[in-house]
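**Student:** have a look at this prediction, sequence included:
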Amino acid sequence: MPDEKPPIAVIAAEVPPRARPSGYPPDLVNKIGGREKRVLGDLFRLRNFGVNLTRLPPGAASALRHAHEKQDEFVYILEGHPTLVTDAGETALSPGMCAGFPAGTGDAHHLVNRGAADVVYLEVGDRTLFERVEYPDDDLMIRPGPDGKSVYFRKDGTPVF
């Protein structure tokens with residue numbers, strides 16, 4: 001409820017996962033597999049940045065490979081051994097490692113779990129409005145709506161929803 005105060009502290013792994021696995025269109029959502037996000041930033045009503053505790057079962061991906069124009073991103077690996085895929089190639093990650101993705105570089109990135117065990121990581125990103133996101137491997141892009149919030153489009157400009 002909006003009138004309820006946010007919690008002071010929680011056990012992150014006990015926060016219910018987001019009900020909808022992704023905002024991607026149905027023809028692309030399966031590419032991320034069984035990704036599960038616990039949306040922690042929203043729980044605490046954070047306005048300037050988001051924080052998610054994300055679990056990738058074997059075969060899953062963090063997102064479609066993408067690059068942000070305005071929003072920075074950061075990941076910190078807690079469990080498992082994901083592969084970070086960027087324009088520069090692939091980098092094996094392990095618990096305790098982290099990676100940052102500054103806005104505006106055009107370097108598309110995502111994590112994939114090619115191992116046999118789950119990957120668990122924290123992801124942090126800012127909430128800058130009027131964002132543009134490119135998905136070089138897929139027929140998808142994000143452009144800002146009139147309110148500045150993200151809207152999905154196909155690369156030909158057709159709205160997704």
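**Tutor:** Okay, I see it.
**Student:** helix or strand for residue 151, which one?
**Tutor:** Assigned by DSSP states H and E, residue 151 belongs to strand 150-153.
**Student:** which residues touch that strand?
**Tutor:** The contact list for strand 150-153, computed with C-beta atoms under 8 Å, 6 or more residues apart in numbering, reads 23-25, 131, 133, 140-145, 159-161. To be clear about C-beta, it is placed using only N, CA and C from the backbone, and glycine gets the same treatment.
**Student:** chain neighbours aside, what residue packs nearest to residue 96?
**Tutor:** residue 77 (6.8 Å; C-beta to C-beta, 6 or more residues apart in numbering).
**Student:** so which elements touch whatever helix or strand the one you found lives in?
**Tutor:** Using DSSP H and E, residue 77 maps to strand 73-79. The contact analysis (3 or more C-beta pairs under 8 Å, 6 or more residues apart in numbering; DSSP states H and E) places strand 73-79 against strand 98-101, strand 119-126.
**Student:** please enumerate residues in contact with the longest one?
**Tutor:** For strand 119-126, the external contacting residues (C-beta under 8 Å, 6+ apart) are 48-56, 60, 62, 68, 71-82, 111, 113.
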